[in-house]
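S.K.: Sequence isn't available, so here's the structure alone:
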C-alpha cells in the first residue's frame, strides 16, 4: 500500500515503481519550456486552486516576458501547448477554469498576428492573477467570517461555543473558518473524516490539533452515521456550477442525512469557485489512476476510483462565500450572474 508522507500535501503520492514527477495519463501533446517547468507544480494536487493559479500565472508571466519568447502564434502556443496539462489535470477546478477563460478572452480581443501586442496583453493578465486576496482570487478567510456572524439569516450561521462540526476530508477554506472560530473563543469540536484515498483528513486533523482544538478522526464510511452526533456540517468544494457543486465522494449522502435530521449544513467557497461556463465535472485523473484505490488489482476487477462527485445545490443549507451567505436558490442566480460576467 502507498502511504502519504505526513509532510506531503494531498494527492502528492506516486504509484509504486515510478520516480517523481509522475505524469500518468495527462501528458500534453507538446511540452515546451513553460510546460516542463510547471510539471512538478501541476502534479502537486494538494495545492489550493488559488495557490496553483498564482504559481502558474507567475511562471507564465516570466515565460511571456522572456526575450526568447516567440511572438508568432503566442496565444495558441500558451493555451494549447504550454498550459495543456493545467487544463487537463486541473481545469475542473473553478479558479483554474476562470484563469484559463480570462486568457482565452484576451486572445479573442487581441490579434495573434506576430506583433508583441498579444504577448504583452497576456503578460498583463497573468500579473493580475498573482495578487493575494484580489477580486480574482478572494481571501478564503472571509467565508468563515460570514458564517460566524451572530443573528445572520440562516441557522447555519452564528456558531455557538463548544458545538461539534463535521468536516469531510481536507479543505483550506474550512480550515480557516475553524481557526477563526477558535480565535474568537468559540472552541468547536471537530469530527474529520479520512477524506478519500489521499487521506486529506489527516492533514486537516494535524493542522487543527496544532491550534489546540479537539479533533475526532473517523472512517469515510462512518460519515453518514456521524451526522446525528454533530451540531452542523461544514464542507469545502473545488467548483460550483449552475445546478451542482463538486465535492468528495460521500458528500451527497452526508447532506441528505443532514436534511433528514435537520442538522444545519454549509458549503464554504469563495466566488472564484464558480465555473465560467456553469458546468461541473469530476477530475479525469481520479478515474485514470486506479492505484489510489487498489494497487495491482487482479485482471478482471474494474476499479472504480473516482473520488469526487457532483452534488445538487439544493442539498446544502447555505453557501458561505466572500460575498455573503446564499441559500441554494440565491446561489443559482449568483452562478448565472457569474456565467454572464465570465463571457464578457
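M.R.: On my side now, so go ahead. From a predicted model like this one, the values you see are computed outputs, not experimental measurements.
S.K.: Kindly report the domain assignment for this structure.
M.R.: Following automatic domain parsing, the chain resolves into domains at 33-128, 141-342.
S.K.: Can you give me the first-to-last residue distance of the first one?
M.R.: This means domain 33-128. In terms of Cα to Cα, to the nearest Å, the two terminal residues of domain 33-128 are separated by 22 Å.
S.K.: starting at the chain centroid, how far to that domain?
M.R.: 19 Å (Cα atoms, centre = their mean, to the nearest Å).
S.K.: can you map out the strands along this structure?
M.R.: In the chain, the strands defined using DSSP state E lie at 164-167, 189-193, 214-218, 232-235, 239-240, 244-248, 265-268, 308-312, 318-321, 324-326.
S.K.: Do you know the pLDDT at the residue positioned nearest the centre of the chain?
M.R.: In the chain, the centroid-proximal residue (Cα atoms, centre = their mean) is residue 238; its distance is 3.0 Å. At residue 238, the predicted lDDT confidence score is 97.
S.K.: Then the one 10 residues further on?
M.R.: pLDDT, the model's per-residue confidence, is 96 for residue 248.
S.K.: Identify all contacting residues around stretch 203-212.
M.R.: Identification of contacts with stretch 203-212 by Cβ atoms under 8 Å, 6 or more residues apart in numbering yields 6, 9-10, 46, 167, 169-171, 174-175, 178-179, 182, 190, 192, 195, 215, 217. Yep, even glycine has a C-beta here, placed from its N, CA and C like the rest.
S.K.: residue boundaries of the helices in the chain?
M.R.: With DSSP state H as the criterion, the chain has helices at 33-43, 49-65, 74-77, 84-90, 94-109, 117-128, 141-147, 172-183, 200-210, 223-226, 251-261, 284-288, 328-342.
S.K.: Averaged pLDDT, the first one. What do you get?
M.R.: For helix 33-43, mean pLDDT is 91.
S.K.: one step back: just put the strands of the chain in JSON lines and tack on distance to residue 301 and mean neighbour count.
M.R.: As requested, those are exported to JSON lines (distance: least, Cβ to Cβ, whole Å; neighbours: other Cβ atoms under 10 Å):
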{"stretch": "strand 164-167", "distance to residue 301": "32", "mean neighbour count": "22"}
{"stretch": "strand 189-193", "distance to residue 301": "25", "mean neighbour count": "24"}
{"stretch": "strand 214-218", "distance to residue 301": "27", "mean neighbour count": "15"}
{"stretch": "strand 232-235", "distance to residue 301": "31", "mean neighbour count": "26"}
{"stretch": "strand 239-240", "distance to residue 301": "30", "mean neighbour count": "28"}
{"stretch": "strand 244-248", "distance to residue 301": "23", "mean neighbour count": "26"}
{"stretch": "strand 265-268", "distance to residue 301": "34", "mean neighbour count": "28"}
{"stretch": "strand 308-312", "distance to residue 301": "21", "mean neighbour count": "19"}
{"stretch": "strand 318-321", "distance to residue 301": "39", "mean neighbour count": "26"}
{"stretch": "strand 324-326", "distance to residue 301": "43", "mean neighbour count": "20"}
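S.K.: looking at the ones you listed, which is closest to residue 75?
M.R.: Ranking the strands of the chain by proximity to residue 75 (Cβ to Cβ) places strand 239-240 first, at 25.0 Å.
S.K.: just checking, what packs against the closest one?
M.R.: For strand 239-240, the packing partners by 3 or more Cβ pairs under 8 Å, 6 or more residues apart in numbering; DSSP states H and E come out as helix 94-109, strand 244-248.
S.K.: Point out the most buried one among those.
M.R.: strand 244-248 (a mean of 26; mean count of other Cβ atoms under 10 Å).
S.K.: which helices and strands sit right next to that one?
M.R.: So strand 244-248, by 3+ Cβ pairs under 8 Å, 6+ apart, packs with strand 239-240, strand 308-312.
S.K.: Which of the ones you listed sits closest to residue 117?
M.R.: strand 239-240 (32.5 Å).
S.K.: hmm, back to that, residue 58: which of the strands of the chain is closest?
M.R.: Short answer: strand 239-240, nearest of the strands of the chain by Cβ to Cβ, at 22.7 Å.
S.K.: Show me what the closest one is in contact with.
M.R.: 92-94, 97, 245-246, 267, 269, 273-275, 280-281, 313, 319, 331, 335.
S.K.: Repeat that for stretch 324-338.
M.R.: 146-147, 152-154, 156-157, 240-243, 271, 274, 276, 278, 313-319, 321, 323.
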